[in-house]
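>>> No sequence on hand, only this structure:
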C-alpha cells in the first residue's frame, strides 16, 4: 500500500530527474500544538504544483509565495519560522501559541541518489537515515536498525525513512471492520485474514487485502518483521492460538489478543501447554487495548488504537 511519504519522495525524484529543481519542505520542530507532526513533508515546484502537507494550506501558500518571490535561499537549506506573533497564527490558521519551524531546501539531480535509497527502504521494509549538512546541502545515507525521531541542530538534520506499520487482523468480523477503518485513518497499512472464506465474503469494511489461509502461514509471510502488528479477534482458539504461536516467535512489534481476563488466563495456559517460551509469552498484549470500559466494536477499536498510539509515542525505538 502506498503512503504519502512515498508519494512525496517519488514525485521529488521525478521532478529532479526532469531538472525541475523542486523544493522539499520539512517540519523540523513544533512548539505547542501543530496541524502536522514533526517530519511532515511537502514537495513543490515554483509553478505551484505540490504534493504533501504541512498545515491546512496557509503555510503551504506562504512558502510558495516566498519561493516565487525569490525569498528562499537556493544554495543551501533554510529554516523558515511560523507563528512568531498572534497575528501570524491567525493568518496561517495555527493554534494559539503554536510555532512551526520548516526546513526548505531546493533539490536537484544530485539528490536523486538519496531519494532512491529512501524509496527502496520504504518498499523493502527497512530503515535508512538521511544525514543532511545544513551548511552545504550535501546528503549522506546510512542503514539503521530502528526508526528514529527527526533530529535537527545548528549544523545538520537526521531524518529516518522506513515502512509504515502493517497491521494484520486475524478474523474478519465486525470488530475487524471498525478497527481497519480507524487504523487506515491513522496511516497504518491493514491486512485482514481468516481461515473461513465465507466470512471473508461477507466483509463490509474498508477496501483492504483479504487473505484466506492458515493464520501461521499468513503471519509468517506478511507480518513477521519489526514494523508489524498482529491482533487476533476470532475468539476461536483453533485460529487465534495458531496465529499467536507464530507471531510471538517473530520480530513483530506488537502482538495482541482480544478477550476477557478469564479468556486470557485460559489462552496463556494453552500457550504454555504448547511449550511456548515464557519470553515469547511475555510479548503478548492481552486483553488487547486500553482498559476504558469499551463494549461495542467501535469502542474496542478505539481502545486498541489508543494503546498502540500510547506505546508508539512512548517508545524510544518508535516505529514510523
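Great, that's in hand. Please read these numbers as outputs of a predicted model, since none were measured by experiment. Residues are numbered from 1 along each chain as shown.
>>> Quick check: residue 70 is in a helix.
No. Residue state for residue 70 (DSSP: H, G, I helix; E, B strand; the rest coil) corresponds to coil; a helix is not indicated.
>>> show me where the stretch 1-150 of the chain has helices.
4-17, 58-68, 86-92, 112-124 (DSSP state H, counting those that start in this stretch).
>>> Give me the helices and strands touching the first one, please.
Using 3 or more CB pairs under 8 Å, 6 or more residues apart in numbering; DSSP states H and E as the contact test, the elements touching helix 4-17 are strand 41-44, strand 50-52, helix 112-124. Just so you know, the C-beta spots here come from the backbone N, C-alpha and C atoms, and that holds for glycine as well.
>>> Adding distance to residue 158 and mean pLDDT, write the ones you listed out as JSON lines.
Putting the helices and strands packed on helix 4-17 into JSON lines (distance: least, CB to CB, whole Å; pLDDT from 0 to 100) gives the following:
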{"stretch": "strand 41-44", "distance to residue 158": "15", "mean pLDDT": "97"}
{"stretch": "strand 50-52", "distance to residue 158": "20", "mean pLDDT": "95"}
{"stretch": "helix 112-124", "distance to residue 158": "13", "mean pLDDT": "95"}
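>>> Comparing those, which comes out most buried?
Each of those was scored by mean neighbour count; the highest is strand 41-44, a mean of 23, by mean count of other CB atoms under 10 Å.
>>> That one pairs with which strands, and in what direction?
Applying DSSP bridges, strand 41-44 is found paired with strand 23-31 (antiparallel), strand 50-52 (antiparallel).
>>> If we ignore the residues flanking it in sequence, what's nearest residue 8?
In this structure, residue 8 finds its nearest non-sequential neighbour in residue 52, 4.5 Å apart by CB to CB, 6 or more residues apart in numbering.
>>> can you pull the contacts of the one you found?
Remark: with contacts taken as CB atoms under 8 Å, 6 or more residues apart in numbering, residue 52 is in contact with 4, 7, 8, 25, 40, 41, 42, 43.
>>> where does this structure have low pLDDT?
For the chain, the stretches flagged by pLDDT under 70 are 1-2, 84-97, 315-320.
>>> Kindly state the domain boundaries assigned to it.
Per the record, the chain has its domains at 4-161, 166-314, by automatic domain parsing.
>>> just to revisit the earlier point, out of the helices and strands packed on helix 4-17, flag the one nearest residue 98.
When these are compared by CB to CB, strand 41-44 sits nearest residue 98, at 17.4 Å.
>>> Can you tell me what sits against the closest one?
The contact list for strand 41-44, computed with CB under 8 Å, 6+ apart, reads 5, 8, 11-12, 15, 22-27, 50-54, 60, 63-64, 67, 107.
>>> change it to 6 Å
Strand 41-44 is touched from outside by 8, 11-12, 22-26, 50-52, 54, 60, with contacts defined as CB atoms under 6 Å, 6 or more residues apart in numbering.
>>> What of stretch 172-183?
167, 169, 190, 192, 194, 199-200, 203, 205-206, 208, 233, 297-298, 300-301, 305.
>>> do the same with stretch 104-124
Contacts with stretch 104-124, where a contact means CB under 6 Å, 6+ apart, come from 6, 9, 12-13, 16, 21-25, 72, 74, 77-78, 80, 128, 130, 139, 141, 161-163.
>>> Pull out the buried residues from these.
Buried positions within those, assessed by neighbour count (16 or more other CB atoms under 10 Å), are 6, 9, 12-13, 16, 22-25, 72, 77-78, 80, 128, 130, 139, 141, 161-163.
>>> ok, and what's touching stretch 27-34?
Around stretch 27-34, the neighbours that count as contacts under CB under 6 Å, 6+ apart are 36, 38, 40, 54, 95, 97-103, 152.
>>> Can I get those in TSV including distance to residue 184 and neighbour count?
Putting those into TSV (distance: CB to CB, whole Å; neighbours: other CB atoms under 10 Å) gives the following:
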residue	distance to residue 184	neighbour count
36	18	17
38	22	17
40	18	23
54	22	23
95	26	12
97	32	11
98	27	18
99	31	18
100	26	25
101	30	18
102	27	24
103	29	21
152	30	19
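>>> Among these, which ones are in strands?
The strands, defined by DSSP state E, take in 99, 100, 101, 102, 103, 152 from the contacts of stretch 27-34.
>>> Serialize the residues you listed to TSV and add fields for distance to residue 268.
Below are the ones in strands among the contacts of stretch 27-34 laid out as TSV (distance: CB to CB, whole Å):
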residue	distance to residue 268
99	48
100	47
101	48
102	49
103	48
152	45
